[in-house]
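Asker: what shape does this take:
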Amino acid sequence: MSANKSNQILLLKRSKRGILRIVIGRTGIVFLLLFVQILALIRIFRFLEGLIPFTVGTLLIFTIIMVLYVINSEHNTSVKLSWITLIMLLPGFGGLLYIFIQTDIGHRTIKKRVKKIVKETQSEFSDQEDLMDRLKIENKGLYNLATYTGKSGGYPVYENSSTKYFPLGEDAFKEMLIQIEKAEKFIFMEYFIVDEGVMWGQILKILSDKVKQGVEVRFMYDGTNEFALLPHSYPDKLRKLGIQCKVFSPIRPFLSTHYNYRDHRKILVVDGEVAFTGGINLADEYINEIEVYGHWKDTVIMIKGQSVESFTIMFLQLWNTSEENRTYMMDSYGSKELAVKERGYVIPYGDSPLDNDKVGQMIYMDILNRAEDYVYIMTPYLILDGEMVTSLQFAARRGVDVKIILPHIADKKFVFAQSRSHYKELIDSGVKIYEYTPGFMHAKQFLSDDKKAVVGTVNLDYRSLYHHFECGLYMEGTSAISDIKLDFKNTLEISHRVSLDDIKNYNVFMTFTARIIKIFAPLL
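Answerer: The predicted structure follows:
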């Protein structure tokens, strides 16, 4: 898919890119930041030792108090177990670390601001009261789910939305270029990873041209790129092209829990008429322009219709977290109903780590708990809490055909080992596990009973379910569902079904290490 360099804009020399990408990679950056903060807490703890007589008795009393507090907290069982283990293994320090994390130093301000912004934007969503009244009679299950998403973030259900599914990143990329070229009013883009190359270079060239044509272009990416891929000055380079640019949670040298909460969403909105979301970021591996872990399997969904407004509002909500004078102007950025009727319903939704609603996990569990015939899943990771494990096991035990496709070539070996640590308990319950033989599975999607599907950014791991800003599209009865099923069938044919004998042959050291890490997975 190599393109002529005249169709690209590259702002960086290779030597200017983040050197830490070579050393530790993107996930390692988050862990590095957490490790640095833990070292700072150890220094504080040692300082306190000189002021307070931390005798064995004092530490014991403090540990007991913290354990009792955690037991009676609102955390789920897996998180409680992790914290209790850490507090008991590291008397004194473990408790102080828990207090530090729970006081939310560093993201209290953004937490209040996001909550206020969500409240401000409730009225921006179009009124779907008539549709909800019909669903209450005709489709009570969807009505109940839409009631939940409406209360959680204001995300309504829509009918008459066009959906188009792309089984590979390179397929989606072609359509993204076409839609961006059509822009007349505005282009909003929000992505977790950005790396200069063919993909981003071609997109950036079009964005630059569109700015010259008077199109408003806003672009936002996650702050970890400043360590791994892009220099701190990169937003200024984009602004010189006329592109409004923001970095979500840029890395700053101070002690904070905020670094653990990343913007993992992938959103493209053009003129309020079309929106994209799914697994792909803006880097060449996602379109198989380069090969890093074998063939890269990713998926994207495109929607048209009034439902696009939800992705527009999601984008503006996070964009406005750094704005004092917030304006939404949905009259300018709004979406219209399609002239041609489309079947089915959609719920575009977001998930925030700063509230008590785990929307992504709840939607996945709703699909599992209401499935009758099958649930087919694609996910790059399988690092689960007890609730999700139970939902998967229960679905399989009551006769639902549950199939999960994961990568065969790992991007992170210890994370992959953690995923594999769940294989046996799921296989024993009747869940069928497959690994994508050609390479790396990065898609994040559910499909059930020929009528329900989700395509989005939410992995089946703790970071996506608890620590990241995420988004997705829930579909019921839409035209794209048959294409999603066909793609799953085709992917299954080139994937290997994991057996219990396979599990016995896994690397002993990696398996043992994964079981230890598994205890603390909810905290990472």
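Asker: any stretches of the stretch 101-250 of the chain with poor pLDDT?
Answerer: 104-108 (pLDDT under 70).
Asker: now the chain
Answerer: In the chain (pLDDT under 70), the answer is 1-5, 14-56, 104-108, 252-260, 326-330, 523-524.
Asker: centre of the chain to the helix or strand hosting Lys151, how far?
Answerer: Using DSSP states H and E, Lys151 maps to helix 140-153. Mean-position distance between helix 140-153 and its chain equals 21 Å (Cα atoms, centre = their mean, to the nearest Å).
Asker: what are the buried residues along that helix?
Answerer: For helix 140-153, the buried set under the neighbour-count rule, 16 or more other Cβ atoms under 10 Å, comprises 142-143, 145-146, 148-150, 152-153. In short, each C-beta sits where N, CA and C put it, glycine included.
Asker: ok, the following helix or strand past that helix: who's next to it in the sheet?
Answerer: Next helix or strand after helix 140-153 toward the C-terminus (DSSP H and E): strand 158-159. Strand pairing for strand 158-159, using DSSP bridges, gives strand 345-351 (antiparallel).
Asker: in the stretch 351-500 of the chain, which spans are helices?
Answerer: Secondary structure of the stretch 351-500 of the chain (DSSP state H, counting those that start in this stretch): helices at 359-370, 386-397, 413-420, 423-428, 462, 480-493, 500-504.
Asker: could I get these as a markdown table with mean neighbour count and distance to Lys111?
Answerer: A markdown table is the format used below for those (neighbours: other Cβ atoms under 10 Å; distance: least, Cβ to Cβ, whole Å):
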| stretch | mean neighbour count | distance to Lys111 |
| --- | --- | --- |
| helix 359-370 | 21 | 16 |
| helix 386-397 | 18 | 24 |
| helix 413-420 | 20 | 27 |
| helix 423-428 | 16 | 35 |
| helix 462 | 22 | 19 |
| helix 480-493 | 17 | 35 |
| helix 500-504 | 11 | 41 |
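Asker: closest to Gly279 out of these?
Answerer: In terms of Cβ to Cβ, the element of these nearest to Gly279 is helix 480-493, at 12.7 Å.
Asker: how far off centre is the closest one?
Answerer: Put simply, helix 480-493 sits 22 Å off its chain's centre (Cα atoms, centre = their mean).
Asker: now do the buried residues in stretch 121-136.
Answerer: Buried residues in stretch 121-136 (16+ other Cβ under 10 Å): 121, 124-126, 128, 131-132, 135.
Asker: which residues sit against it?
Answerer: 142-143, 146-147, 154-159, 306, 309-310, 313, 316-317, 328, 330, 345 (Cβ atoms under 8 Å, 6 or more residues apart in numbering).
Asker: buried among the residues you listed? Need that as a selection in ChimeraX.
Answerer: The ChimeraX selection below is limited to those of the contacts of stretch 121-136 classed as buried (16+ other Cβ under 10 Å):
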select :142,143,146,154,155,156,157,158,159,306,309,310,313,316,317,328,330,345
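Asker: hang on, the earlier thing: and the helix holding Lys151, what does it pack onto?
Answerer: On a contact count with 3 or more Cβ pairs under 8 Å, 6 or more residues apart in numbering; DSSP states H and E, helix 140-153 meets helix 129-138, strand 345-351, helix 359-370, strand 468-476.
Asker: can you convert the buried residues of stretch 121-136 into TSV and add a column each for distance to Tyr234?
Answerer: As requested, the buried residues of stretch 121-136 are exported to TSV (distance: Cβ to Cβ, whole Å):
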residue	distance to Tyr234
Thr121	28
Glu124	30
Phe125	33
Ser126	36
Gln128	39
Leu131	43
Met132	44
Leu135	45
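Asker: farthest-separated two in those residues?
Answerer: Thr121 and Leu135 (22.9 Å).
Asker: burial of Glu74, as a residue count?
Answerer: Using other Cβ atoms under 10 Å, the number of residues around Glu74 comes to 7.
Asker: sec struct for it, please.
Answerer: coil (DSSP: H, G, I helix; E, B strand; the rest coil).
Asker: next up, the contacts around it.
Answerer: By Cβ under 8 Å, 6+ apart, the contact list for Glu74 reads Asn356.
Asker: next one: phi and psi at it?
Answerer: Dihedral angles of Glu74 (phi, psi; degrees, to the nearest 10) stand at phi -90, psi 10.
Asker: hmm, back to that, could I get the buried residues of helix 140-153 as a markdown table with distance to Thr511?
Answerer: Converted to a markdown table, the buried residues of helix 140-153 look like this (distance: Cβ to Cβ, whole Å):
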| residue | distance to Thr511 |
| --- | --- |
| Leu142 | 42 |
| Tyr143 | 45 |
| Leu145 | 38 |
| Ala146 | 42 |
| Tyr148 | 38 |
| Thr149 | 38 |
| Gly150 | 44 |
| Ser152 | 37 |
| Gly153 | 39 |
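Asker: what's the closest of the residues you listed to Ile9?
Answerer: Gly153 (35.2 Å).
Asker: surely that closest one is in contact with Ile117?
Answerer: No - under the criterion of Cβ atoms under 8 Å, Gly153 makes no contact with Ile117, lying 10.9 Å away.
Asker: give me the beta-bridge partners of the closest residue in space to Phe446 that isn't next to it in sequence?
Answerer: With sequence-adjacent residues excluded and distances taken as Cβ to Cβ, 6 or more residues apart in numbering, Phe446 is closest to Val454, at 4.6 Å. Beta-bridge pairing of Val454 under DSSP bridges involves Phe446, Tyr474.
Asker: what about Val454, neighbour count?
Answerer: 24.
Asker: change the start of the numbering to 15 and stick with it
Answerer: All right, first residue 15 from here; so that's Val468.
Asker: and it, how far from Glu134?
Answerer: Using Cβ to Cβ, to the nearest Å, Val468 is found at 27 Å from Glu134.
Asker: same thing with Ile115?
Answerer: Distance of Ile115 to Glu134, given as Cβ to Cβ: 28 Å.
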